[in-house]
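Asker: here is my input; please provide its structure:
(4 chains)
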Protein chains: 2
Amino acid sequence: MRVTLRDVAERAGVHPGTASRALNAETRGLVNEATVRRVQQAAKALAYRPNPMARGLKTSRTPMVGIVVPDLSNPLFPPIVRGAEVELSRAGYMSIIADTDNDAAREETALEVLRARQVDGLLVASARREDAAIRELHAQGVPVVLVNRRAERVPLPAVTGDDELGIELAVRHLRELGHSRIAHLAGPLALSTGLARHRAFRHLVVETGAHSSLELVVKARTYSVEEGARATAELLDRSRPTAIIAGNDQLAVGAIDALRARGLRCPDDVSVVGFNDMPFVDKLSPPLTTVRVPHAEIGAEAARILVRWMTQGIASSSTTTLPVELVTRGSTARAPRD
Amino acid sequence: MRVTLRDVAERAGVHPGTASRALNAETRGLVNEATVRRVQQAAKALAYRPNPMARGLKTSRTPMVGIVVPDLSNPLFPPIVRGAEVELSRAGYMSIIADTDNDAAREETALEVLRARQVDGLLVASARREDAAIRELHAQGVPVVLVNRRAERVPLPAVTGDDELGIELAVRHLRELGHSRIAHLAGPLALSTGLARHRAFRHLVVETGAHSSLELVVKARTYSVEEGARATAELLDRSRPTAIIAGNDQLAVGAIDALRARGLRCPDDVSVVGFNDMPFVDKLSPPLTTVRVPHAEIGAEAARILVRWMTQGIASSSTTTLPVELVTRGSTARAPRD
DNA sequence: ATGAAAGCGCTAACAA
DNA sequence: TTGTTAGCGCTTTCAT
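Answerer: The predicted model follows:
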């Protein structure tokens, strides 16, 4: 059978309580040094592994955190998860990943299941701006850190890339290339990333008074290649941009598809900028100019904040913004003369 | 505090034991129907959620399975995980994903941690052909199903794509296009996929007696773009293939890079076939001809086998091979005349 | 510094 | 059909 603490205690010739204290870092100080060594030896000899469920039942804590992502197949998220996992496992936590499939109802279910499983905390990358489930979580005082996306009217810590800076870099880059008719292919405005990038775009364009660019904004309903193509087609029906800043890389890929379908070349006729710098966008034709977001670092930082919250009860509701950079590749070029 | 079974029992005016039976599907038959209803009502009214740790401590089972992948950032694996998760959650299991980072030592650690966490079973996608940790698991009688890759000399059930068929389809396709000097850019032979594809290639080429093609095989040490480029450069140093069948899509991408670096065009000078049909390879330039593997279905089927094992104790050590198909795109063309 | 004992919330064997 | 009881493996007061 399984080796229990009793076995270890017996072998070391001590009481299970003592063995417990000896094996636990926080209580080790209460035990005679020699005893500690004996117990540790016994534990090692027997290959003792504490039963996390027994421990959890007693302490009502689990060494688990839930990570909720909208879609694991979106190449954006694995690096976030990875970054988080590294930090979490360093702190002794194991992570459980739940995929919501971009669905609010599933998100609710996933959060419920995770809570029922007694996770000590949550990293949520699937938040919508208005997210009842998130608000509920916050109301219950569960340690939660938002990743990559924010939620509104919930004072929960969030770690994201600098959406404003990203758009600013893109706009500046395109202006330097002589573009004046810059369009924005906005992502879903129900997501903080979609909204922030959209706002930043409008702010920059209005601020510099280029011109009323309302006709140069289209909204995509989802972050998908197909929707990017559809929205771009809609955009091209009513205006003639020389450049398009897409809400993310999938949309940018769709935009390039749509341009091609109309016989427009990228970047010769229209430049395109993406957002995220997903794997392989450097291999596309043309290689995509895009805003690189430090996803692994976002995940890692969120994990650190969560660990602090879970272990020290420090719930900073502050928001962390990590810098992004523009990666210039082949999908942007000088504006065509017309 | 938390609502416990006692609270429910009290409210329903029954003993906790009865409440337990009433709430559990398997034992519900032992309880008076009216009582069952009362208990269920009470549970609902109190929003009772059983404590999985208490239950697990008692039953020494958890509703959790571990999924071990070599690299979550490899677009190959999320669909497998997804497919498995759907099946698993249908059966009431939650999954814990561990990423081994393609490292044997980490795999061992991950497996150990997962076991310590008392997972009821494991889905392992990171197996090497010779995998001591896997063999150990098998020796301990833990329910394990291998996914996508097999291990040797371990009678564990495995679900994979049909590597032989994939290579056969690729070879046939290239032959039909008039290629005779077909090379193989083999993946790591320490992995069953690398070996099976390599063997299939040699078998087909030898069988049809095309010619001694030893010089037309290069071995990549990892499944990465860089290694694909390196190995292809090596290949081109010593031979002049008109087509290359790569061990997977990453290697194929690397191959195209290497060709380009030598001023060779794909597919005009050299055709390239990948393996897996990862997302976005249809957007590459040229769009990649590749073997499509039903990853989600592989994950799902593996999950079904695992569930059967865990719940009914049926440990079929059989191997399941799912059919693959060739997706013809722009990276293959008629052989150049020379 | 260590032992004793209780109990976390649940299930299951046994009794009634 | 239901209640009783014991105990899963651990931590944590409280004694000693």
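Asker: quick one: the helices in the stretch 51-200 of chain A?
Answerer: If you assign secondary structure with DSSP state H, counting those that start in this stretch, the helices in the stretch 51-200 of chain A sit at A:52-59, A:77-90, A:104-116, A:132-139, A:163-176, A:192-207.
Asker: residues from chain A in reach of DNA strand D?
Answerer: Taking CB under 7 Å from any atom of the strand as the criterion, the neighbours of DNA strand D within chain A are A:1-2, A:4-6, A:16-17, A:20-21, A:23-24, A:27, A:48, A:50-51, A:54-55, A:57-59. Any C-beta I mention is one placed from the backbone N, CA and C, and that applies to glycine too.
Asker: what about A:Ile305, distance to B:Val3?
Answerer: Look at A:Ile305 and B:Val3: by CB to CB, to the nearest Å, they are 30 Å apart.
Asker: ok, those two, which is more surrounded?
Answerer: Comparing A:Ile305 with B:Val3 by other CB atoms under 10 Å in any protein chain shown, the one with more neighbours is A:Ile305, at 25 against 17.
Asker: quick one: residues contacting the more buried one.
Answerer: A:145, A:157, A:159, A:316, A:320 (CB atoms under 8 Å, 6 or more residues apart in numbering or on different chains).
Asker: adding mean pLDDT, distance to B:Val65 and mean neighbour count, write the helices of the stretch 51-200 of chain A out as CSV.
Answerer: As requested, the helices of the stretch 51-200 of chain A are exported to CSV (pLDDT from 0 to 100; distance: least, CB to CB, whole Å; neighbours: other CB atoms under 10 Å in any protein chain shown):
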stretch, mean pLDDT, distance to B:Val65, mean neighbour count
helix A:52-59, 90, 16, 17
helix A:77-90, 94, 18, 22
helix A:104-116, 90, 14, 18
helix A:132-139, 92, 25, 17
helix A:163-176, 97, 37, 20
helix A:192-207, 91, 33, 20
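Asker: and stretch A:266-284, how far from the chain's centre?
Answerer: For stretch A:266-284, the separation from the chain centroid amounts to 21 Å (computed by CA atoms, centre = their mean, to the nearest Å).
Asker: does chain B sit close to it?
Answerer: Yes - in this structure, stretch A:266-284 sits against chain B according to CB under 8 Å from any CB of the partner chain; the contacting residues are A:279-280, A:283-284.
Asker: follow-up on the earlier one: A:Ile96 is nearest to which of the helices of the stretch 51-200 of chain A?
Answerer: Using CB to CB as the measure, helix A:104-116 is the one of those that comes nearest A:Ile96, at 6.5 Å.
Asker: between helix A:132-139 and that closest one, find me the angle.
Answerer: Computed by axes from the mean of the first three to the mean of the last three CA atoms, to 10 degrees, the angle separating helix A:104-116 from helix A:132-139 equals 30 degrees.
Asker: what's helix A:104-116 packed up against?
Answerer: strand A:64-69, strand A:94-99, strand A:121-124, helix A:132-139 (3 or more CB pairs under 8 Å, 6 or more residues apart in numbering or on different chains; DSSP states H and E).
Asker: let me have these in a markdown table, extended by distance to DNA strand C.
Answerer: Compiled in a markdown table, the helices and strands packed on helix A:104-116 are given as follows (distance: least, CB to the nearest atom of the strand, whole Å):
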| stretch | distance to DNA strand C |
| --- | --- |
| strand A:64-69 | 17 |
| strand A:94-99 | 20 |
| strand A:121-124 | 19 |
| helix A:132-139 | 21 |
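Asker: what would these look like in a markdown table with distance to A:Ala243?
Answerer: Compiled in a markdown table, the helices and strands packed on helix A:104-116 are given as follows (distance: least, CB to CB, whole Å):
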| stretch | distance to A:Ala243 |
| --- | --- |
| strand A:64-69 | 31 |
| strand A:94-99 | 34 |
| strand A:121-124 | 34 |
| helix A:132-139 | 35 |
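Asker: excluding covalently adjacent residues, which one is nearest to the residue of chain A found nearest chain B?
Answerer: Scanning chain A for the residue nearest chain B gives A:Ser285, at 2.8 Å (criterion: CB to the nearest CB). Once flanking residues are discounted, A:Ser285 sits nearest to B:Ser285: 2.8 Å by CB to CB, 6 or more residues apart in numbering or on different chains.
Asker: residues near that neighbour, how many?
Answerer: The tally of other residues near B:Ser285 (other CB under 10 Å) stands at 15.
Asker: wait, what's in contact with it?
Answerer: By CB under 8 Å, 6+ apart, B:Ser285 lies in contact with A:283-285.
Asker: over to it: give its phi and psi.
Answerer: Here is the backbone geometry of B:Ser285 (degrees, to the nearest 10): phi -120, psi 110.
Asker: and it, how far is that from DNA strand D?
Answerer: Using CB to the nearest atom of the strand, to the nearest Å, one obtains 57 Å as the distance from B:Ser285 to DNA strand D.
Asker: before we move on, what about A:Glu10?
Answerer: A:Glu10 sits 11 Å away from DNA strand D when distances are taken as CB to the nearest atom of the strand.
Asker: any idea of the pLDDT on A:Met1?
Answerer: Each residue has a pLDDT score; the one for A:Met1 is 67.
Asker: now A:Arg135: closest residue in space, sequence neighbours ignored.
Answerer: A:Val154 (5.2 Å).
Asker: tell me the contacts of the one you found?
Answerer: Contacts here follow CB under 8 Å, 6+ apart; on that basis A:Val154 touches A:131, A:134-135, A:138.
Asker: redo those residues as TSV? Include distance to A:His173.
Answerer: Putting the contacts of A:Val154 into TSV (distance: CB to CB, whole Å) gives the following:
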residue	distance to A:His173
A:Asp131	33
A:Ile134	34
A:Arg135	38
A:His138	38
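Asker: closest to DNA strand D among those residues?
Answerer: Set against DNA strand D, the nearest of the contacts of A:Val154 by CB to the nearest atom of the strand is A:His138 (26.4 Å).
Asker: how far away is that closest one from A:Ala315?
Answerer: Separation of A:His138 from A:Ala315 (CB to CB): 10 Å.
Asker: picking up where we left off before, and the helices of the stretch 51-200 of chain A as JSON lines, adding distance to A:Gly299?
Answerer: As requested, the helices of the stretch 51-200 of chain A are exported to JSON lines (distance: least, CB to CB, whole Å):
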{"stretch": "helix A:52-59", "distance to A:Gly299": "24"}
{"stretch": "helix A:77-90", "distance to A:Gly299": "3"}
{"stretch": "helix A:104-116", "distance to A:Gly299": "17"}
{"stretch": "helix A:132-139", "distance to A:Gly299": "18"}
{"stretch": "helix A:163-176", "distance to A:Gly299": "17"}
{"stretch": "helix A:192-207", "distance to A:Gly299": "15"}
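Asker: out of the ones you listed, which is closest to A:Ala296?
Answerer: When those are compared by CB to CB, helix A:77-90 sits nearest A:Ala296, at 3.5 Å.
Asker: for the biggest helix by length in chain A, which positions count as buried?
Answerer: Secondary structure of chain A per DSSP state H: the longest helix is helix A:295-312. Using 16 or more other CB atoms under 10 Å in any protein chain shown as the test for burial, helix A:295-312 gives A:295-310.
Asker: can you tell me how far the closest residue in space to A:Glu301 that isn't next to it in sequence is from A:Leu30?
Answerer: Excluding its sequence neighbours, the residue lying closest to A:Glu301 (CB to CB, 6+ apart) is A:Val159, at 4.9 Å. From A:Val159 across to A:Leu30, the span is 38 Å (CB to CB).
Asker: could you do A:Leu306 as well?
Answerer: Between A:Leu306 and A:Leu30 the computed distance is 30 Å (CB to CB).
Asker: ok, of the residues of chain A next to DNA strand D, which come out buried?
Answerer: Applying the neighbour count, that is 16+ other CB under 10 Å, the buried entries in these are A:4-5, A:20-21, A:23, A:48, A:50-51, A:55, A:57.
Asker: and DNA strand C, which of the residues you listed contact it?
Answerer: A:21, A:57.
Asker: adding distance to chain B, write the buried ones among the residues of chain A next to DNA strand D out as CSV.
Answerer: As requested, those are arranged in CSV below (distance: CB to the nearest CB, whole Å):
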residue, distance to chain B
A:Thr4, 12
A:Leu5, 13
A:Ser20, 16
A:Arg21, 20
A:Leu23, 14
A:Tyr48, 10
A:Pro50, 8
A:Asn51, 7
A:Arg55, 9
A:Leu57, 5
